[in-house]
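Novice: what would the 3D arrangement of this be:
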Amino acid sequence: MGGNAGRLHLARVGVTTVKCDVTNRADLQKLHDTAYAAYDAVHLVCNNAGAMGPRKDSMLDITEEEWDWFIDLNLLSVLHGCRLFAKSMVRPPAQTPPASR
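Specialist: Presented below is the predicted three-dimensional model:
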């Protein structure tokens, strides 16, 4: 375990790491399922993957595959990740615990 996850582990903060390609729906599902298996609930999702777009002299030089990658990473992965977690985070009204007084 390296990087921030390693430091959190050494600080005895509960952390679970999952290698995830956010443009891959199966990886997103694995991330979701791992989080719920480890913690039973998710209250906050930080969905911050992204990259700068293809750097070319002209947009005419950017291939369709480069545009697809850029849109998949910066737009669609955020949409799919938020949708996936939101479906599990939102409870039907009958299951919502009463507000604390």
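Novice: which non-adjacent residue is nearest A49?
Specialist: Residue nearest to A49 in three dimensions, not counting chain neighbours: V22, with 4.5 Å by Cβ to Cβ, 6 or more residues apart in numbering. (Glycine included, C-beta is placed from N, CA and C.)
Novice: now that neighbour. Its backbone dihedrals?
Specialist: Main-chain torsions, V22, degrees, to the nearest 10: phi -70, psi -10.
Novice: which residues are in contact with it?
Specialist: By Cβ atoms under 8 Å, 6 or more residues apart in numbering, V22 lies in contact with 28, 47, 49, 73, 77-78, 80-81.
Novice: and of the residues you listed, the nearest to K56?
Specialist: L73 (16.9 Å; Cβ to Cβ).
Novice: look up how far L31 lies from that closest one.
Specialist: Applying Cβ to Cβ, to the nearest Å, the value for L73 to L31 is 15 Å.
Novice: more neighbours: those two, which one.
Specialist: For L73 versus L31, neighbours defined as other Cβ atoms under 10 Å are more numerous around L31 (20 against 17).
Novice: need the pLDDT of the more buried one.
Specialist: L31 is assigned 94 on the pLDDT scale.
Novice: list the contacts of the helix or strand it falls within.
Specialist: Per DSSP states H and E, L31 falls inside helix 25-39. Applying Cβ under 8 Å, 6+ apart, the contact partners of helix 25-39 are 14, 16, 18-22, 42, 77, 80-81, 84-85, 88.
Novice: alright, I will stop here.
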